[in-house]
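**Q** next come a sequence and a model predicted from it.
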Amino acid sequence: MGAAAPPVDAPLVLIGRAGRRRVVLAVDAAAARAGLRPGLPAAMAQALVPGVAVHPADPAADAEALDRLALWALQRYAPLAAADPPDGLIIDMSGAAHLRGGEGAALADMIGRLAACRIAARAALADSRGAAHALARYGGRPALVVAPGQSAAALLALPVAALRLPEEMVEGLRGLGFAHIGELAASPRAPLVLRFGPDLGRRLDQALGRRDEPIDPVRPPDGIEVRRAFAEPITAAEALARQTGILVADLCARLAAAGLGARRLDLLFHRVDNRIQSIRIGTVRPVRDARRLTRLLCDRLETIDPDFGIEIMSLSVALAEPLGPRQMVSALAAEPEADLSGLIDRLANRIGAARLYRLAPVASDVPERSLRRIAPLAPPTGETWPGHWPRPSRLLARPEPIATVALLPDHPPARFTWRGVSRRVARADGPERIFGEWWRRDAELCAVRDYFRIEDEAGERFWIYRAGDGEDAATGSQRWFLHGIFG
């Protein structure tokens, strides 16, 4: 809309038709604060809030945008994702959450990335699709992870509207005195089904995990995928591993033809009970080595429960990057550097990529700010740590307070107590004065730390500091802390 766009804080509503009436279909935060809500007649909304910005709704564009979000979730978070109209996504994170540091970390990352795009979102992870749908919308928290087996209990206090029932059915249940799902679940089923039809029991069973609700996953329109269907369902782990190898070989041939390498693969297992189980693996570099990819996938086969059998297996590329032909290395050439990417891939797919990193220097004199985590195979940053004062091999996550006996202002402690153990100082070197970074915040304008390297009578060496210069209270609290341990 450019310059014609309304101010950010101006109320805005989208108008559509419900039968022959023009009604409000959606409101922004400013319009909601002004008292407008979906379902109001358009004329009433304009009368209640003069100057409200009114725009026609575009359901087709909304559905297209939701499909794009589902594709984004598929490529980034899970091998099974689908649009859940009109305003949601359904994502099956089984077999993929470990790649994002766990379920809670994956939800937080997802909500944060959507917020960066000015999309307000809430998310819930539960045992069933119906439970996750209800808890995301009525659970009252931006991100909620329900422990396995606890979803049914978490639903009982939610309103009956959380069951995805038609509005008229919700009103009918309220008229009978049913306010919460727990009251509905404790009531005899037959009279309710007789009055409201089978949809009530079906939605209740889906939410409580008593009935499966398959996901029809979205697939990239130009994605690379191979499939194998079996005349007889297979269950043995050896058979699953053998078919995985066949699928990987077929997929690598197609990747080679396209000049691509896989960065993320999804292996889907379609069971005879119409449920889909999945494995997702990732690599730090583009790969189309069939043996390597097969090994990564087979390492995760233990997470698959074939139940009564797998009738279809499909392998698709969720993320690919260009990968050209590799040059052969001559036996007369210098020995190439060791390739650690295979080891990193195996570890990352077992414990999560977020737990693998290496430390890189940062241009800062403050010790806890002088390093950052980077990817294991990231190129050198070009920064180095200062060499004029040695640094401990182990830096504590937070400096820990110690009790000391010391002469002020420039002398190291003669004795200190850390974690209940009293130690006599045999040798010391220092002080090394480190000033606060005044450009970060005003509190560091005068702050200083005096660091000492000390060795106790047992030969253990520590890195301690005094917060302040030992004289002026404006420079720090004058308390002592232990910050690191020398190996």
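**A** Cool, got the structure.
**Q** quick one, helices of the chain?
**A** Using DSSP state H, the helices of the chain run over residues 29-33, 42-48, 59-76, 103-116, 129-138, 151-155, 167-175, 181-185, 189-196, 198-207, 237-258, 290-298, 341-351.
**Q** so the third one versus helix 103-116, what angle?
**A** Angle of helix 59-76 versus helix 103-116, following axes from the mean of the first three to the mean of the last three C-alpha atoms, to 10 degrees, is 140 degrees.
**Q** of the helices of the chain, which approaches E311 most closely?
**A** Between E311 and the helices of the chain, the tightest spacing by C-beta to C-beta is seen for helix 237-258, at 11.6 Å. In short, each C-beta sits where N, CA and C put it, glycine included.
**Q** so for that closest one, mean pLDDT?
**A** In this model, helix 237-258 has a mean pLDDT of 95.
**Q** may I see the buried residues of it?
**A** By 16 or more other C-beta atoms under 10 Å, the buried positions in helix 237-258 come out as L240, Q243, T244, G245, L247, V248, L251, C252, L255.
**Q** coming back round to it: CSV for the helices of the chain, including distance to W480?
**A** Shown next, in CSV, are these (distance: least, C-beta to C-beta, whole Å):
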stretch, distance to W480
helix 29-33, 49
helix 42-48, 64
helix 59-76, 46
helix 103-116, 35
helix 129-138, 48
helix 151-155, 47
helix 167-175, 63
helix 181-185, 56
helix 189-196, 68
helix 198-207, 57
helix 237-258, 58
helix 290-298, 49
helix 341-351, 37
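**Q** can you tell me which of those is most buried?
**A** The highest average neighbour count among the helices of the chain, using mean count of other C-beta atoms under 10 Å, belongs to helix 129-138 at a mean of 22.
**Q** list of residues touching that one?
**A** Contact with helix 129-138 is made by 84, 88, 90, 122-126, 144, 146, 151-152, 154-155, 158-159, 161-164, 181, 203, 206-209, 213, 215, as judged by C-beta atoms under 8 Å, 6 or more residues apart in numbering.
**Q** show me the chain divided up by domain.
**A** With domains defined by automatic domain parsing, the chain comprises 2-57, 83-207, 225-322, 394-486.
**Q** could I get those as a markdown table with distance to L347?
**A** Output for these, formatted as a markdown table (distance: least, C-beta to C-beta, whole Å):
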| stretch | distance to L347 |
| --- | --- |
| domain 2-57 | 44 |
| domain 83-207 | 11 |
| domain 225-322 | 10 |
| domain 394-486 | 22 |
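**Q** return the per-residue confidence for the nearest residue to A467 once chain neighbours are set aside.
**A** The shortest distance from A467 to any non-neighbouring residue, by C-beta to C-beta, 6 or more residues apart in numbering, is to G476 (3.6 Å). Listed pLDDT for G476 reads 90.
**Q** right, and G476 touches G468 too?
**A** Yes - between G476 and G468 there is a contact under C-beta atoms under 8 Å: 2.9 Å.
**Q** ok, G324 - contacts?
**A** Per C-beta under 8 Å, 6+ apart, neighbours of G324: G259.
**Q** give me the low-pLDDT residue ranges for the stretch 301-450 of the chain?
**A** Applying pLDDT under 70 to the stretch 301-450 of the chain picks out residues 325-337, 408.
**Q** kindly recompute the last result at 80.
**A** Within the stretch 301-450 of the chain, the stretches with pLDDT under 80 are 324-339, 352-354, 382-389, 406-410.
**Q** so what touches the longest strand belonging to the chain?
**A** Using DSSP state E, we find that the single longest strand of the chain is strand 421-435. Here strand 421-435 makes contact (C-beta under 8 Å, 6+ apart) with 365-367, 389, 410, 412-417, 447-458, 460, 465-466, 469.
**Q** before we move on, what about stretch 441-450?
**A** Stretch 441-450 is contacted by residues 410, 430-438, 465-470, 472, 474-476 when judged by C-beta under 8 Å, 6+ apart.
**Q** just the CA trace of that stretch, in CSV.
**A** Output in CSV follows, covering the C-alpha atoms of stretch 441-450 (Å, rounded to 0.1, in the frame of the first residue of the first chain):
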residue,chain,number,x,y,z
ARG,A,441,25.3,1.0,29.4
ASP,A,442,25.8,3.9,31.9
ALA,A,443,26.4,1.5,34.9
GLU,A,444,29.8,0.5,33.3
LEU,A,445,31.0,4.0,32.9
CYS,A,446,33.1,3.9,36.1
ALA,A,447,33.1,0.1,36.7
VAL,A,448,36.4,-1.8,36.9
ARG,A,449,37.6,-5.3,37.8
ASP,A,450,41.0,-6.2,39.2
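**Q** before we move on, the earlier item: just the buried ones from the contacts of strand 421-435?
**A** Using 16+ other C-beta under 10 Å as the burial test, the contacts of strand 421-435 include 367, 412-413, 416, 447-456, 465-466, 469 as buried.
**Q** mind listing which of the residues you listed are in strands?
**A** Among those, DSSP E puts 413, 416, 448-456, 465-466 in strands.
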